[in-house]
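Novice: here is a sequence with its predicted model. Questions after.
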Amino acid sequence: MAEKLNWRDEFSDEIINQSNDYIDFIRDVYINGCHINANLKKSSHFHVRINIKDNKVDYMFCNCRKKGNCKHQAAVLRYVEENNLLEKEKDFLNLIETVDDNLLKEFFVEVLTEDHVLKEEFIRRFKKEPKIDSKPYFDKLNFIIETSKGSDYYNFGYYDIDVLASRIHDFLCDEIFELMRMHQYEVVFELLDYIADVLNDEMYVDNDYWYDACDEYLQIAYTLQDTYVLSHEQLDRLDCDCSFMHQYM
Ligand SMILES: [Zn+2]
């Protein structure tokens with residue numbers, strides 16, 4: 001029997017009690033390996049994302065924007081636990097391992113033939129597009145970094161953090177989003193790695209710009225990890241950048 005997920009320590013008793021009221025409002029829960037995505041709908045709509053590592057919660061997001069861990073996240077974890085969803089996912093992945101590769105391919109083609117949306121998704125994820133010239137994007141990013149240097153930068157190396165964080169957030173939402181849409185995953189990887197290098201030198205700042213920029217960064221990084229086009233070295237590097245970004249969340 002697999003070890004139970006240890007999640008209750010992440011929440012106060014009060015939050016765990018409050019999560020009771022939300023269990024019945026969980027609409028759907030998707031589990032993909034160690035990623036949990038869930039939607040809740042009560043008076044408003046909430047999206048919860050949780051990553052699991054070594055039977056512990058590694059990262060949590062909820063769009064309710066409560067500081068710290070919230071009752072929606074607790075409700076999803078409780079639901080996952082009560083329905084043994086992580087164990088079922090593990091059984092499913094083990095089953096796939098036992099199936100012959102050719103049979104798996106045959107089954108897969110059968111499924112894709114019947115589902116055009118899934119077929120498009122497959123092509124989007126696996127087809128490598130020729131890499132475009134990344135220079136204009138690096139130029140823009142360098143311009144953002146250069147013009148976000150505070151008046152003390154040349155003495156102390158300080159950026160104007162609010163300006164830097166909000167411009168990087170916009171860059172992630174506009175340019176990087178567009179590159180993801182164009183399947184330019186290699187270019188996105190290089191830009192994300194460069195952004196992590198710049199932010200790495202900065203101190204933790206507890207404000208919304210900073211939170212938004214880091215959150216957007218992580219969302220893109222996780223989508224990128226799911227594309228199957230990055231090498232193991234690139235994935236390791238991205239993991240490292242993400243774990244550094246987590247400390248700001
Ligand atoms: Zn929440």
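Specialist: All right, it came through fine. Numbers count the residues shown, from 1 in each chain.
Novice: and the longest strand along the chain, what other elements does it pack with?
Specialist: Taking DSSP state E as the criterion, the chain has its longest strand at strand 45-53. Here strand 45-53 touches strand 35-41, strand 56-62, helix 71-82, going by 3 or more Cβ pairs under 8 Å, 6 or more residues apart in numbering; DSSP states H and E. Yep, even glycine has a C-beta here, placed from its N, CA and C like the rest.
Novice: and for the first one, what's in contact with it?
Specialist: With Cβ atoms under 8 Å, 6 or more residues apart in numbering as the contact definition, strand 35-41 has outside contacts at 22, 25-31, 45-52, 72, 75-76, 79-80, 85, 222.
Novice: switch to 6 Å and redo it
Specialist: For strand 35-41, the surrounding residues in contact (Cβ atoms under 6 Å, 6 or more residues apart in numbering) are 22, 25-30, 46-51, 72, 76.
Novice: following the helix ranked longest in the chain, which helix or strand comes up?
Specialist: Criterion DSSP state H: the longest helix present in the chain is helix 208-225. Using DSSP states H and E, the helix or strand that directly follows helix 208-225 along the chain is helix 232-246.
Novice: return that following helix as PDB; C-alpha atoms alone will do.
Specialist: Extracted in PDB, the C-alpha atoms of helix 232-246 (Å, rounded to 0.1, in the frame of the first residue of the first chain):
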ATOM      1  CA  HIS A 232      16.100  16.200 -19.900                       C
ATOM      2  CA  GLU A 233      18.800  18.800 -19.300                       C
ATOM      3  CA  GLN A 234      16.300  21.600 -20.100                       C
ATOM      4  CA  LEU A 235      13.600  20.100 -17.900                       C
ATOM      5  CA  ASP A 236      16.100  19.800 -15.000                       C
ATOM      6  CA  ARG A 237      17.100  23.500 -15.500                       C
ATOM      7  CA  LEU A 238      13.400  24.500 -15.600                       C
ATOM      8  CA  ASP A 239      12.700  22.600 -12.400                       C
ATOM      9  CA  CYS A 240      15.600  24.400 -10.800                       C
ATOM     10  CA  ASP A 241      14.200  27.800 -11.900                       C
ATOM     11  CA  CYS A 242      10.700  26.900 -10.700                       C
ATOM     12  CA  SER A 243      11.900  25.800  -7.300                       C
ATOM     13  CA  PHE A 244      13.600  29.100  -6.900                       C
ATOM     14  CA  MET A 245      10.400  30.900  -8.000                       C
ATOM     15  CA  HIS A 246       8.400  29.000  -5.400                       C
END
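Novice: what helices or strands is that helix leaning on?
Specialist: On a contact count with 3 or more Cβ pairs under 6 Å, 6 or more residues apart in numbering; DSSP states H and E, helix 232-246 meets helix 208-225.
Novice: contacts with the ion among the contacts of strand 35-41, please.
Specialist: Restricting the contacts of strand 35-41 to those near the ion by Cβ under 5 Å from the ion leaves His72.
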